[in-house]
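> Need the 3D shape of this:
(one chain, ligands or ions: 1)
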Amino acid sequence: MPAPESDDEFAHRIASEAAEMLAGLQREGVAAGKFGWSLEEIGDTAAHDFLVAAIAAERPDDGLLSEEGHDDGARTAKSRAWIVDPLDGSSGFGAGNAEWAVHVALSIDGEPLVGAVSVPGMDLTGSTAHPPIVPERQDRRPVVITGRTKARSDGRLLAHMLDADLAACSSAGVKAMLVMSGEADMYVHDGPLYEWDVCAPVAVALAAGLDACQTNGDPIVFNKSRPVSDSLIICRPEFTGLIIDALQSR
Ligand SMILES: [Mg+2]
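You can find the predicted model right below:
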């Protein structure tokens with residue numbers, strides 16, 4: 001009998017399968033002239049239904065939190081809770097671009113121990129089963145990546161304080177993977193984010209040897225009754241102290 005699939009491999013597989021399905025739906029939608037909210041809705045629903053069915057079938061005793069599902073809070077009584085964003089960056093998906101990802105994570109006693117972030121636009125699934133190999137830092141100015149709305153205020157100030165260049169992207173999963181691929185050096189979001197935005201990227205980043213914490217340096221605890229993280233840093237370890245100091249000195 002084959003060995004049972006590990007949680008890490010299960011997360012990797014279902015995130016990759018959901019992302020592949022979504023890439024097909026996006027191609028079909030764009031070819032049919034469908035954009036915006038109606039395409040986002042198709043993607044959100046299809047990926048949510050697929051992930052919920054897979055988790056219910058193969059990990060039936062675990063809790064579940066999905067951006068697209070109703071949260072009755074039953075998960076908070078469980079040690080193991082799956083935290084999924086079926087389509088992270090749905091506006092990019094609806095716009096027909098590549099700035100979107102699928103997030104699948106498992107929190108065990110509040111710790112982000114298992115995760116997978118699948119980014120078809122980068123032809124990449126990073127996971128705790130197969131953590132990305134973060135390349136040596138390139139010989140260039142550091143790059144800070146942040147959300148499009150954050151770029152205007154916090155991002156610009158932080159880039160100035162760290163003498164870094166600024167990049168923006170609307171998907172948390174893609175931003176995290178750009179740090180892991182070496183195209184950016186730090187992803188900083190100084191404000192609240194939902195746990196489904198954060199849990200899988202943090203799990204994968206930690207497995208890849210990056211730092212992942214709140215902007216005060218505290219670790220992020222998951223599967224809380226109010227599923228929100230106050231902030232997020234994912235970065236090469238040499239930048240963690242600099243980011244925390246810069247944000248505190250504002
Ligand atoms: Mg989403």
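> Lowest mean pLDDT among the helices and strands, pick that one out for this protein.
Between all helices and strands in the chain, the lowest mean by mean pLDDT, DSSP states H and E belongs to helix 148-150, at a mean of 79.
> which residues touch that helix?
Outside helix 148-150, the residues that touch it by C-beta atoms under 8 Å, 6 or more residues apart in numbering are 168-170, 189-191. Any C-beta I mention is one placed from the backbone N, CA and C, and that applies to glycine too.
> ok, and for it, which residues are buried?
The neighbour-count check on helix 148-150 (16 or more other C-beta atoms under 10 Å) flags K150 as buried.
> That one: how far from the chain's middle?
With C-alpha atoms, centre = their mean, to the nearest Å as the basis, helix 148-150 stands 16 Å off its chain's centre.
> So the residue lying closest to M180 once chain neighbours are set aside: helix, strand or coil?
Closest residue to M180 in three dimensions, ignoring its sequence neighbours and counting by C-beta to C-beta, 6 or more residues apart in numbering: P132, at 4.2 Å. With DSSP: H, G, I helix; E, B strand; the rest coil as the basis, P132 sits in coil.
> P132: neighbour count?
When counting by other C-beta atoms under 10 Å, one arrives at 22 neighbours for P132.
> That one and the ion: what is the separation?
Distance from P132 to the ion, counting by C-beta to the ion, to the nearest Å: 22 Å.
> Packing partners of whatever helix or strand L65 lives in?
Per DSSP states H and E: L65 is located in strand 63-66. With contacts defined as 3 or more C-beta pairs under 8 Å, 6 or more residues apart in numbering; DSSP states H and E, strand 63-66 has these neighbours: helix 37-58, strand 80-88, helix 195-207.
> Mean neighbour count added to the ones you listed, as a markdown table?
Output for the helices and strands packed on strand 63-66, formatted as a markdown table (neighbours: other C-beta atoms under 10 Å):
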| stretch | mean neighbour count |
| --- | --- |
| helix 37-58 | 17 |
| strand 80-88 | 28 |
| helix 195-207 | 28 |
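> Dump the ones you listed to TSV, plus distance to the ion.
As requested, the helices and strands packed on strand 63-66 are exported to TSV (distance: least, C-beta to the ion, whole Å):
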stretch	distance to the ion
helix 37-58	6
strand 80-88	4
helix 195-207	7
